[in-house]
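Undergrad: pasting the structure only:
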């Protein structure tokens, strides 16, 4: 008869994850009262010894996943896109018995690399939510023995889950062409961002594929971030046009909203004079005036797919490390309406 029981024995007996057992017995994490009572009572029945199991648990798993959120746009957790990704990711891994911790570069006066922080926190794996793909500390982390998955950065040897940006640009091109709009311009954010880089490349390819002649005015990008920066760039761009476009693709919804305001302030109506579209389908897109035609990204599916792949890597299950693309859909609204 077995006289010592581990977290894994308890988990198997109760048909819950080892991480859930760990949370209850260590008094932390979000677990339902019913589950907590079941685990505590069964542990007592089996004569479970917490300190013994804690040593086993520490040797194998911390049941903690780190998150690198190097937000170059400085929106923080209020980021209209990545804020939703991180919440969905957190919900998913907590159901699997894991806790989430942020991996900073600096805490007070103490500064370390992402890899050093990840090792100090003894995380089982890391989600690189977003960041500069040229950041040497992010590259160092991805090349370490700590399992990593990203929802933004694409590089060799890294599992990355993103929206299909090229599909989104092509869907919007077909939408504008169907509305008989042939002179199509685009406004991007900083091309330090992977997403803006890929959307710019896809825009240029779509112009070529559809036989639309380029002009020196048909594309602009902003080095700054946020509504004021986008509005300023859009205003300067509008004033320098030699030929007015029929339609403009903005490579994010917040860019589109700043652009529409700049057009309005220059006496140009949307959609009557120029149609404008966005990309992301943030919550405010449907509330904006005019409501914004956009490309909807499946943020929940991105987060849950990334979490699933990361847990596979943590469990040493085979997984091809590559770029996984999640389909997007076109959401037509008033900003591209014929009236």
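TA: Perfect, thanks for sending it. For clarity, every value in this text was computed on a predicted model and none was experimentally measured. Residues are numbered from 1 along each chain as shown.

Undergrad: now the strands: where do they sit in the chain?
TA: Secondary structure of the chain, counting by DSSP state E: strands at 64-69, 99-102, 106-107, 110-111, 125-130, 148-150, 159-163, 184-188, 219-221, 247-250, 275-277, 294-296, 323-326, 329-331.

Undergrad: Worst mean pLDDT among those?
TA: When the strands of the chain are ranked by mean pLDDT, strand 106-107 comes last with a mean of 66.

Undergrad: so where is the stretch 1-150 of the chain shaky, pLDDT-wise?
TA: Within the stretch 1-150 of the chain, the segments meeting pLDDT under 70 span 1-6, 26-29, 47-60, 71-80, 106-110.

Undergrad: mind giving me a markdown table with the strands of the chain and columns for distance to residue 209?
TA: Quick note: C-beta positions are derived from backbone N, CA and C, even for glycine. Shown next, in a markdown table, are the strands of the chain (distance: least, CB to CB, whole Å):
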| stretch | distance to residue 209 |
| --- | --- |
| strand 64-69 | 36 |
| strand 99-102 | 42 |
| strand 106-107 | 46 |
| strand 110-111 | 47 |
| strand 125-130 | 29 |
| strand 148-150 | 29 |
| strand 159-163 | 20 |
| strand 184-188 | 12 |
| strand 219-221 | 16 |
| strand 247-250 | 15 |
| strand 275-277 | 18 |
| strand 294-296 | 18 |
| strand 323-326 | 19 |
| strand 329-331 | 18 |
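
Undergrad: Looking at the ones you listed, which is nearest to residue 304?
TA: strand 159-163 (9.2 Å; CB to CB).

Undergrad: what does that closest one rub up against?
TA: The set of residues external to strand 159-163 that reach it, using CB atoms under 8 Å, 6 or more residues apart in numbering, is 148-154, 194-195, 295, 297-298, 302, 305-306, 309-310, 313, 319, 321-328.

Undergrad: Of the residues you listed, which count as buried by neighbour count?
TA: Among these, those classed as buried by 16 or more other CB atoms under 10 Å are 148-154, 194-195, 295, 297-298, 302, 305-306, 309-310, 313, 321, 326, 328.

Undergrad: Now intersect the residues you listed with the helices, please.
TA: Judged by DSSP state H, helices contain the following of the buried ones among the contacts of strand 159-163: 194-195, 302, 305-306, 309-310, 313.

Undergrad: how about these, which pair is most distant?
TA: 195 and 313 (23.3 Å).

Undergrad: which residues of the stretch 1-150 of the chain fall in helices?
TA: With DSSP state H, counting those that start in this stretch as the criterion, the stretch 1-150 of the chain has helices at 7-14, 18-25, 33-46, 50-60, 82-95, 114-120, 136-142.

Undergrad: Just name the most buried of those.
TA: helix 18-25 (a mean of 24; mean count of other CB atoms under 10 Å).

Undergrad: Measure how that one sits relative to strand 64-69, angle-wise.
TA: Here the directions of helix 18-25 and strand 64-69 differ by 100 degrees (axes from the mean of the first three to the mean of the last three CA atoms, to 10 degrees).

Undergrad: tell me what helix 18-25 is packed against?
TA: If you count contacts as 3 or more CB pairs under 8 Å, 6 or more residues apart in numbering; DSSP states H and E, helix 18-25 packs onto helix 7-14, helix 33-46, helix 50-60.
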